[in-house]
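Engineer: 3D, please:
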Amino acid sequence: MNKNLKKALIIFGIIVFVMVTCNALVILIGTRYEEIQGKNDLAKYPAPGNMVDVGGYKLHMNCVGNGSPAVFLMLVPPAGQWIGYLFKKKYLCLPQHVLMTELDWVGAM
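Structural biologist: Got it, this is the predicted structure:
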């Protein structure tokens, strides 16, 4: 093998190693950052409502109003959340007439 080719392959290998190492480091730092910020956001901005146990799974449930009939909103992202938002916007002005309960199936733990 030519001496210059061998030298070029060694330099190429070093460059590839440095690039892979830098990418791995960026991924690890980004993952850790998101984990820390997610916990901070959860502490700062807790979800409205509460968690209920349904058959061993915890579901997020948010009830608004105190009237009758009870309306259950089962939201499936992404469209369901917009529909739920529009529905609540329309009927939240009548909390004495409707009890709206919103279940977040995606947040099941």
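
Engineer: now the helices for the protein?
Structural biologist: 3-44, 79-91 (DSSP state H).

Engineer: pipe the ones you listed into TSV and attach mean pLDDT per row.
Structural biologist: What follows is the helices of the chain, written out as TSV (pLDDT from 0 to 100):
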stretch	mean pLDDT
helix 3-44	94
helix 79-91	65
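
Engineer: if I look at Val71, how far off is Cys63?
Structural biologist: 10 Å (CB to CB, to the nearest Å). The C-beta positions use only the backbone N, C-alpha and C, and glycine is treated the same way.

Engineer: outline the domain layout of the protein.
Structural biologist: 1-46, 50-104 (automatic domain parsing).

Engineer: most packed of the ones you listed?
Structural biologist: Of those, the one with the most neighbours on average (mean count of other CB atoms under 10 Å) is domain 50-104, at a mean of 13.

Engineer: hang on, the earlier thing: mind putting the helices of the chain in TSV, distance to Gly67 included?
Structural biologist: Putting those into TSV (distance: least, CB to CB, whole Å) gives the following:
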stretch	distance to Gly67
helix 3-44	31
helix 79-91	10
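
Engineer: the lengthiest strand in the chain - what's its average pLDDT?
Structural biologist: In the chain, assigned by DSSP state E, the strand with the most residues is strand 57-64. Taken as a whole, strand 57-64 carries a mean pLDDT of 77.
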